[in-house]
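# need coordinates for the below:
(2 chains)
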Amino acid sequence: AQRVTQPEKLLSVFKGAPVELKCNYSYSGSPELFWYVQYSRQRLQLLLRHISRESIKGFTADLNKGETSFHLKKPFAQEEDSAMYYCALSVRSGGSNYKLTFGKGTLLTVNP
Amino acid sequence: SQTIHQWPATLVQPVGSPLSLECTVEGTSNPNLYWYRQAAGRGLQLLFYSVGIGQISSEVPQNLSASRPQDRQFILSSKKLLLSDSGFYLCAWSLTFGETQYFGPGTRLLVL
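Numbers count the residues shown, from 1 in each chain, chains lettered A, B, ... in the order given. Next up is the predicted model:
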């Protein structure tokens, strides 16, 4: 069965410091991974997906199949990055349909 | 553009009472629809998903049920609420051929 693990419930860094939110997955198929973010009083929304290989708001994430990881990184954290971050794994649920398995989330706090 | 609505935003119900939460999507056809429960420290738990009218898949056996009476309407129900049903319920949709999910604003349910 597929599983997504985010080992840190809470992560606190200072503004300007590098930040890395860890995500590990287990899945026998070809993985497709996402990071979702929920800012205070806002909807849960997609931050980035590995297939796009793009940087969003300064964040990047590289899929490492050898380590089964998809860690989210930003070289210089900003206070507005404070939010709950969820790593998610897309799993085929039949035909061309998919469902997401989410990790338990990491609450990032960026202190001034 | 597509939008997703949920109501009510907040609900306080006594134990043993029935429940009906509604989710509707606008601006797209035949979406995949999802119900999640979000709990602190437990992340996002997929409850139900639907790939079409009348088609419901249950992920976790529990006191809740889901129905999809129309293409863009997804309803979460219970005949008798339990205290443990309290939580934050999120509805989401995705295109049938893609995996990115778009989330609604959520409903906070408190069972007393």
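# mind listing the strands for chain B?
According to DSSP state E, chain B carries its strands in the segments B:3-7, B:10-13, B:19-26, B:32-39, B:43-52, B:55-58, B:65-70, B:73-78, B:87-94, B:102-103, B:107-111.
# would CSV of those with distance to chain A, mean neighbour count and mean pLDDT be doable?
C-beta: built from backbone N, CA, C; applies to glycine. Formatted as CSV, the strands of chain B follow (distance: least, C-beta to the nearest C-beta, whole Å; neighbours: other C-beta atoms under 10 Å in any protein chain shown; pLDDT from 0 to 100):
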stretch, distance to chain A, mean neighbour count, mean pLDDT
strand B:3-7, 9, 17, 95
strand B:10-13, 13, 14, 96
strand B:19-26, 13, 18, 97
strand B:32-39, 6, 23, 90
strand B:43-52, 3, 21, 89
strand B:55-58, 7, 14, 89
strand B:65-70, 14, 15, 96
strand B:73-78, 14, 20, 96
strand B:87-94, 7, 22, 94
strand B:102-103, 4, 21, 94
strand B:107-111, 12, 17, 95
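# quick check: pLDDT value at residue 63.
Picked chain A for this. pLDDT, residue A:63: 90.
# wait, chain B was what I had in mind.
The model's pLDDT for residue B:63 equals 88.
# in CSV: the strands of chain B, plus distance to residue A:31.
Listed next are the strands of chain B as CSV, based on distance: least, C-beta to C-beta, whole Å:
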stretch, distance to residue A:31
strand B:3-7, 26
strand B:10-13, 37
strand B:19-26, 27
strand B:32-39, 19
strand B:43-52, 17
strand B:55-58, 21
strand B:65-70, 27
strand B:73-78, 27
strand B:87-94, 17
strand B:102-103, 21
strand B:107-111, 31
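# the longest strand in chain A is where?
Per DSSP E, chain A has its longest strand at strand A:83-94.
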